[in-house]
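Visitor: fold the following and give me the result.
(chains A, B and C)
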Amino acid sequence: MLIRNAWYVAAWADEVADRPLARRICNEPVVLFRDREGHAHALIDMCCHRGAPLSLGAVTERGLQCGYHGLTFDGAGACVAIPGQSHIPERARVRAFPLVERDAMLWIWPGDPARADPSLIVPYPYHNDTARWPHRHTMYPIKGAAMLMVDNLMDLTHLGYVHVGSIGGNPMTHVEARMETERTPTGLRFTRWMPNSLPPPTYVKAAGFTGRIDRCQRFEFIAPGAILQWSSADEAGAYANGQVDDSRLKFRLFHFLTPETDTSCFYFWSTANGYRLDDPSATTQLFAEIGAAFEEDRTVVEAQQARMSELGEDALVDITTDAARIHMRRTIERLAQTEPTPLAAE
Amino acid sequence: MLIRNAWYVAAWADEVADRPLARRICNEPVVLFRDREGHAHALIDMCCHRGAPLSLGAVTERGLQCGYHGLTFDGAGACVAIPGQSHIPERARVRAFPLVERDAMLWIWPGDPARADPSLIVPYPYHNDTARWPHRHTMYPIKGAAMLMVDNLMDLTHLGYVHVGSIGGNPMTHVEARMETERTPTGLRFTRWMPNSLPPPTYVKAAGFTGRIDRCQRFEFIAPGAILQWSSADEAGAYANGQVDDSRLKFRLFHFLTPETDTSCFYFWSTANGYRLDDPSATTQLFAEIGAAFEEDRTVVEAQQARMSELGEDALVDITTDAARIHMRRTIERLAQTEPTPLAAE
Amino acid sequence: MLIRNAWYVAAWADEVADRPLARRICNEPVVLFRDREGHAHALIDMCCHRGAPLSLGAVTERGLQCGYHGLTFDGAGACVAIPGQSHIPERARVRAFPLVERDAMLWIWPGDPARADPSLIVPYPYHNDTARWPHRHTMYPIKGAAMLMVDNLMDLTHLGYVHVGSIGGNPMTHVEARMETERTPTGLRFTRWMPNSLPPPTYVKAAGFTGRIDRCQRFEFIAPGAILQWSSADEAGAYANGQVDDSRLKFRLFHFLTPETDTSCFYFWSTANGYRLDDPSATTQLFAEIGAAFEEDRTVVEAQQARMSELGEDALVDITTDAARIHMRRTIERLAQTEPTPLAAE
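Guide: Next up is the predicted model:
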């Protein structure tokens, strides 16, 4: 079951300029567009006249104009023009979704608009701090449920298997990482300490390590779809006092999983380097390395989805390293209980 | 629901020469072939022996020979040869469909053969009058219901949005067109007058207009699938007396929509120029321009079908310019009432 | 209904070397792998931890390691390693299938392991006799039921229609072939005699016949999926005494049809030439000619499957040349009666 009463990233803000964008969110066909004043809006992507997708239309002075017979809708979904008639019937409107532009992203609320409180949006100011956190971002469509991608990020032991040649490195480093986990009202935080470990290839490229390193990863999961990651590394021994903020290598990853359907999702992610700030190639290189690793995740998760869709997951067996994942799933289940009962037809 | 007791264009006559042609008509797999005497026939495209499609076979002296084990069928569907045995059992036959070749087209009757009266076929003699109406024809497969394509042709206000850069021109010209509509026993006729209007790009290319024009379009819809179109234009003022037959620009379009399945169809169409009769490039150019415009229709209708298939059309809102479309749909509904009740399995 | 209590070819032995191979057998996703000692095994292709396909993993010293979080399984399906924990719960195992390597093939038993008696495997020693029967082999995936491919091989009159330009030749040669059929406890044998017939193109290329030939084909079907073929030809008159073993042209074909799903299968086949033994091009040429002919079968059978899936086969009509095919089908029906009742969900 998809949680609809939540804020999801619908698009990167720069994906929506002068042309409408079609994107399916939580099983609903949505059109995103930016009006002539620059405000972004989200409507159901189906004209109320003859059902054509509004995303085939154009933005005009008055709003989003259907490309079939020219009906035009404002950002609230009200029809404001019908060619050939002056009277606009009350029924001539389409569903609008709450949409907020913040931190370089467009946030949508697919559920009950009355519950759409913008203060619940996950803040991520680093996207605005281009001097200290130069970043790049993109979106990967994934043929797997959003929850399978969140699972993936809650159990980092996969780094040593899926990403052994890139960001992972030696499997045992990850299996033996010391975990500190903390529950929060909206999810959980965990820190992984990997002292005196061998640097993975990506870290060597980024910071030129020649020997062993102290490595630390902090993750915060905020239900239902955000994972904020803070990674750092320094020469072995540097973390003896628990101080990691001035590390030689430090970077932030933003992960957000938005359901497209029950078995597919959009993976919005960004990388921001907190090192070599005066070197644009550091930003580009980190983005490319992480992007290659996430392609590896995509391959595994899509294959996992295919098996689960066919054979179910009732017979699966939890193991010790599933602890954070299981806590995350319980948070989601609590959230799901606050959702209205789905319609019979769903 | 598809109307089966009607004549539909199954193919252009020149599509069926010495090799059989497979085409799905009203959800039935049909094979069309031309026997050695030149007569075209339509059979169900499945051999009664082991189920192989007959369209993989070959035309022989005796009929259509299955490409698997060599059983041969005549145009009435009777098996006339079984390799290896002289007795041909009565059950060895396949369903045949009434088929008539007329006006460069093969017309099929997918319903009850006893009701297949050839006098009900829509006449279109212009395909035979190559001197005064040089023409070209083709077929577009459309992933949308036939009725959505008929809808498209019943509300020409779409020309100003879908075809603004080709055959449409200024949207307001179409919205403000004066409509004269007349019901007929088998459908409807309407005429659209656009006096003193700006010529669309296609018209300028065809007839070299330099100023405003008087423009007229006559449409006749004959249920369930034919739309005959007669378009003309001349210098502004020329139509003051209502006389359009001697226009500087005049062309005929033949449109026919044949259901392939409930949500897909074949769009048979031809263009015939009644101007620059001694210039073959006029025929070629008109065909190319109209073809490009119909590709635009295809894009919209296929997207519309996808939305309707997902979300239904119950909440859609009719507008003033839907008048002809609504009348057309009522004609179809009357026809549908004369169809036998569909089988439960359908 | 698929027969599960039987040995099927899962793969050619040389398809499974140091990397796992995914293959769906009788609707089950199977992974085949060869351990470090060289023994081949078959497991369900889904890790019992998070459902990832094991075929994405790697073979290690201890067995097949999942590519997601590193759980490792031995050839019996038992989990032998879970990174991060020393205790391995009893439930941590995956289903294993009986697998036997024999005659260059891996044989799998998808049904009840207790009934998997290796003595029931169809022997085919010719794959091991590379001096007298040099061979080549491959597998064609077919989008048609295994039974439709077996049908194909039980009625050779199709050679004159489907393969008229390659291995078939004159249709009447096949229709008029003298058939000798013999039932066996596990299927049937038949011999086809085509005395004083014109050689098909493949035979001319193989043995340089310049005139008419005596031609003989022996087939043995062993339920549910094996067809062993022995073909020979010599100058017309040579078979007057019924002696065919010393023919100028003789070759063996091995055919095996393994169900992938109810409507698709894997066609494992090999060709072995018993002529021009010192000429490797004889082996290559025969393989290429037969391969081209089997592509023709694939085209017909896939089209036949599509029609049967849509329209069923209840109305089909048997003919005289179906005798062997009908006997084969009865053998299969008897076998099916020994299968356990399928689950309701199936």
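
Visitor: partner strands of the helix or strand where residue A:42 lies, parallel or antiparallel?
Guide: Residue A:42 is part of strand A:40-44 when elements are defined by DSSP states H and E. Applying DSSP bridges, strand A:40-44 is found paired with strand A:28-34 (antiparallel), strand A:96-97 (antiparallel).

Visitor: how far is the longest one from where the chain is centred?
Guide: Right, the one you point to is strand A:28-34. Between the centre of strand A:28-34 and the centre of its chain there are 17 Å (CA atoms, centre = their mean, to the nearest Å).

Visitor: and the contacts of it?
Guide: A:10-11, A:15-24, A:40-46, A:53-55, A:59, A:64, A:97, A:99, A:106, A:108, A:110, B:307, B:310-311 (CB atoms under 8 Å, 6 or more residues apart in numbering or on different chains). (Each C-beta comes from the backbone N, C-alpha and C, glycine too.)

Visitor: just those: which are in helices?
Guide: In this view, the contacts of strand A:28-34 that belong to helices under DSSP state H are B:307, B:310-311.

Visitor: mind listing what the closest residue to chain C within the stretch 151-300 of chain A touches?
Guide: As assessed by CB to the nearest CB, chain C sits closest to residue A:175 within the stretch 151-300 of chain A, at 4.3 Å. By CB under 8 Å, 6+ apart, the residues touching residue A:175 are A:157, A:160, A:321, C:70, C:83-84.

Visitor: next one: residue A:279
Guide: Residue A:279 touches nothing, counting by CB under 8 Å, 6+ apart.

Visitor: how about a cut-off of 10 Å?
Guide: A:134, A:273, A:285 (CB atoms under 10 Å, 6 or more residues apart in numbering or on different chains).

Visitor: going by distance to residue C:170, which of the residues you listed wins?
Guide: residue A:285 (68.8 Å; CB to CB).

Visitor: state whether the closest one is indeed within a helix.
Guide: Yes: Residue A:285: assigned to a helix according to DSSP: H, G, I helix; E, B strand; the rest coil.

Visitor: need the ones in helices among the contacts of strand A:28-34 in CSV (columns: distance to chain A, pLDDT and neighbour count).
Guide: Below are the ones in helices among the contacts of strand A:28-34 laid out as CSV (distance: CB to the nearest CB, whole Å; pLDDT from 0 to 100; neighbours: other CB atoms under 10 Å in any protein chain shown):
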residue, distance to chain A, pLDDT, neighbour count
B:307, 5, 97, 20
B:310, 7, 97, 13
B:311, 6, 96, 16
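
Visitor: on that earlier part again, filter the contacts of strand A:28-34 down to the buried ones.
Guide: A:10-11, A:15-16, A:20-21, A:23-24, A:40-46, A:53-55, A:59, A:64, A:97, A:99, A:106, A:108, A:110, B:307, B:311 (16 or more other CB atoms under 10 Å in any protein chain shown).

Visitor: most centrally placed residue in chain A?
Guide: Taking CA atoms, centre = their mean, the centroid of chain A lies closest to residue A:256, which sits 1.4 Å from it.

Visitor: hmm, back to that, just name the most buried of the strands paired with strand A:40-44.
Guide: strand A:28-34 (a mean of 22; mean count of other CB atoms under 10 Å in any protein chain shown).

Visitor: so for that strand, mean pLDDT?
Guide: Here strand A:28-34 scores 98 as its mean pLDDT.

Visitor: what do you get for stretch A:160-174?
Guide: 82.

Visitor: quick check: buried residues in the helix or strand of chain A with the lowest mean pLDDT?
Guide: Here the helix or strand of chain A ranked lowest by mean pLDDT, DSSP states H and E is helix A:171-175, holding a mean of 82. Going by neighbour count (16+ other CB under 10 Å), the buried part of helix A:171-175 is A:171, A:173-175.

Visitor: do stretch A:115-122 as well
Guide: A:116, A:121-122.

Visitor: how far does that stretch sit from its chain's centre?
Guide: With CA atoms, centre = their mean, you get 16 Å for stretch A:115-122.

Visitor: where do the strands sit along the stretch 151-300 of chain A?
Guide: Under the criterion DSSP state E, counting those that start in this stretch, strands of the stretch 151-300 of chain A are mapped to A:178-184, A:187-197, A:213-222, A:226-235, A:249-261, A:264-273.

Visitor: can you list the strands that the shortest one pairs with?
Guide: Neighbouring strands of strand A:178-184 in its sheet, by DSSP bridges, are strand A:187-197 (antiparallel).

Visitor: then the partner strand to PDB, C-alphas only?
Guide: Extracted C-alpha coordinates of strand A:187-197, given in PDB (Å, rounded to 0.1, in the frame of the first residue of the first chain):
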ATOM      1  CA  GLY A 187      12.300   7.500  11.200                       C
ATOM      2  CA  LEU A 188      15.800   6.800  12.400                       C
ATOM      3  CA  ARG A 189      19.400   7.800  12.400                       C
ATOM      4  CA  PHE A 190      22.400   5.600  12.200                       C
ATOM      5  CA  THR A 191      26.100   6.000  12.100                       C
ATOM      6  CA  ARG A 192      28.600   3.500  10.800                       C
ATOM      7  CA  TRP A 193      32.200   3.600  12.000                       C
ATOM      8  CA  MET A 194      34.900   1.800   9.900                       C
ATOM      9  CA  PRO A 195      38.200   2.700  11.600                       C
ATOM     10  CA  ASN A 196      41.500   1.700  10.100                       C
ATOM     11  CA  SER A 197      39.900   0.300   6.900                       C
END
